[in-house]
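J.: could you work out the structure for the sequence below:
(one chain, ligands or ions: 1)
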Amino acid sequence: MCHRAVNRALLFAVLVLLLTLTKQLMAGTMLVELPKGEGLAAKYSGDVGIEQDPAVVFADGFEEIEGTRLAAVGGEQRGNKWDSSAGTVTIVEEPEMVHTGTKAVQVTHEQVGSHNAVKQFKPGFDTLHLRYYMKYHPEFPGCHHTGMLILAGAPGITLARGSATGVVPDGRNHFEALIDTAPPRRRSTTPPPGNINIYCYHMDQGRIWGDLLFPTGKVVPPENKWLFEENFVPRPNLNLERGRWYCYELMVKANTPGERDGRVAYWIDGKLAGDFPNLRFRSVEELKPNHVIIVAHSSSVRPNQTLWYDDIVAATSYIGPQAPADSEQEED
Ligand SMILES: [Ca+2]
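T.: As a prediction, this is how the structure comes out:
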């Protein structure tokens, strides 16, 4: 009996040791460090020629487009690089509405619903970066969704409700991440546009709608906080100023099927502002990030619900903020 008790105690001690070692090993599995500051865009002043970079798969500063709004089907409009558009995405030329060059796009919510522009890639990429400049109207009151989205959609899957929206990812159908802002609730002390979060559809989300992932580690709904227990680095909430341009960059890295190594990160003006590792997006290799989408969706209409987009670039590696245009450098 005594021997058996000792053996049991030894076995228990070995098990505890093994468990501790495994945990330490896992904690020691350092994430790949993400880039920051200058990226590939630093080589192309004012983004001129950036579409030639081997990592770049899409670039649009809206300089070549003709007309006053994006057409519903892009191919019918000269200079339109987008596959489709819904709602009203207007071309503007007023200098205060343009980031660089002479044109940008504007979204104004005059009725409840979605305004978007969609660019699709076939077959897609395991890791996709999306950099864009966006500015809110100085009096922007907040909005249900604003920003840009990377979507991985199987054939036929779009943003439509019942297709991707409100459908839990099953590993084969879709996943997506949007740099969004949580519009301030009534009696909230958070001013508009609201705190940045990633609106994310992934295989472990807590409801039919995507999770809201905040850089602090807060998750809505809260059941999914466990996702970030390993390696998560909390960062402060950001509520950006209205009436000025910011450089946003979103990265979506699809997981290896069967593993929990998917990752979403975003940068503001070249500074890493949120990083969500350990995500599960897909169970098949074929499902890859294959759309970039301008997203603005309102569920109520209020004055000044207007925002502008410009200098959009998608690439398979870190893009970084735009290098100043040559003419600006000469003026210095
Ligand atoms: Ca432009």
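J.: so what are the domain limits for the chain?
T.: By the assignment in automatic domain parsing, the chain contains the domains 1-30, 38-315.
J.: quick one: which of those is nearest the ion?
T.: domain 38-315 (3.6 Å; C-beta to the ion). Bear in mind the C-beta positions are built from the backbone N, C-alpha and C, glycine included.
J.: ok, back up a step: the domains of the chain: which one's closest to residue 323?
T.: Evaluated over these, closeness to residue 323 peaks at domain 38-315, with 4.8 Å, by C-beta to C-beta.
J.: could you tell me the end-to-end distance of the closest one?
T.: Separation of the first and last residues of domain 38-315 by C-alpha to C-alpha, to the nearest Å is 14 Å.
J.: centre of the chain to it, how far?
T.: Domain 38-315 has its C-alpha centroid displaced from the chain centroid by 4 Å (C-alpha atoms, centre = their mean, to the nearest Å).
J.: now do the helix or strand hosting residue 176, average pLDDT.
T.: Secondary-structure assignment from DSSP states H and E places residue 176 in strand 174-182. Mean pLDDT, strand 174-182: 96.
J.: buried set for it?
T.: Neighbour counts over strand 174-182 (16 or more other C-beta atoms under 10 Å) mark 174-182 as buried.
J.: looking at the domains of the chain, which one is packed in the most?
T.: A comparison of the domains of the chain by mean neighbour count, using mean count of other C-beta atoms under 10 Å, puts domain 38-315 on top with a mean of 19.
J.: so it, near the ion or not?
T.: Yes - Domain 38-315 is in contact with the ion by C-beta under 5 Å from the ion, via 61-62, 101, 103-104, 310.
J.: circling back: lowest mean pLDDT across the domains of the chain, which one is that?
T.: The minimum mean pLDDT among the domains of the chain belongs to domain 1-30 (a mean of 65).
J.: all strands of the stretch 1-150 of the chain, in order?
T.: Listed from the start of the chain, the stretch 1-150 of the chain has strands (DSSP state E, counting those that start in this stretch) covering 56-60, 84-86, 89-92, 104-108, 113-120, 127-136, 145-153.
J.: the strand holding residue 176 packs against which elements?
T.: The helices and strands touching strand 174-182, judged by 3 or more C-beta pairs under 8 Å, 6 or more residues apart in numbering; DSSP states H and E, are strand 145-153, strand 195-201, strand 246-253.
J.: for residue 197, give me its contacts.
T.: 180-182, 212-215, 220, 274 (C-beta atoms under 8 Å, 6 or more residues apart in numbering).
J.: make CSV out of the domains of the chain and add distance to residue 323.
T.: What follows is the domains of the chain, written out as CSV (distance: least, C-beta to C-beta, whole Å):
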stretch, distance to residue 323
domain 1-30, 31
domain 38-315, 5
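J.: right, and these - which one's nearest residue 322?
T.: Comparing the domains of the chain by their distance to residue 322 (C-beta to C-beta), the top pick is domain 38-315, with 5.4 Å.
J.: ok, now which ones touch residue 246?
T.: With contacts taken as C-beta under 8 Å, 6+ apart, residue 246 has the following neighbours: 133-135, 240, 268-269.
J.: which of these lies closest to residue 86?
T.: Within the contacts of residue 246, proximity to residue 86 (C-beta to C-beta) peaks at residue 134, which comes in at 18.4 Å.
J.: quick one: that closest one and residue 148, what's the gap?
T.: The span separating residue 134 from residue 148 equals 8 Å under the rule C-beta to C-beta, to the nearest Å.
J.: so what's in contact with these two at the same time?
T.: With C-beta under 8 Å, 6+ apart, residue 134 and residue 148 have common neighbours 248, 309.
J.: would you map the helices across the stretch 201-332 of the chain?
T.: Counting by DSSP state H, counting those that start in this stretch, the stretch 201-332 of the chain has helices at residues 326-331.
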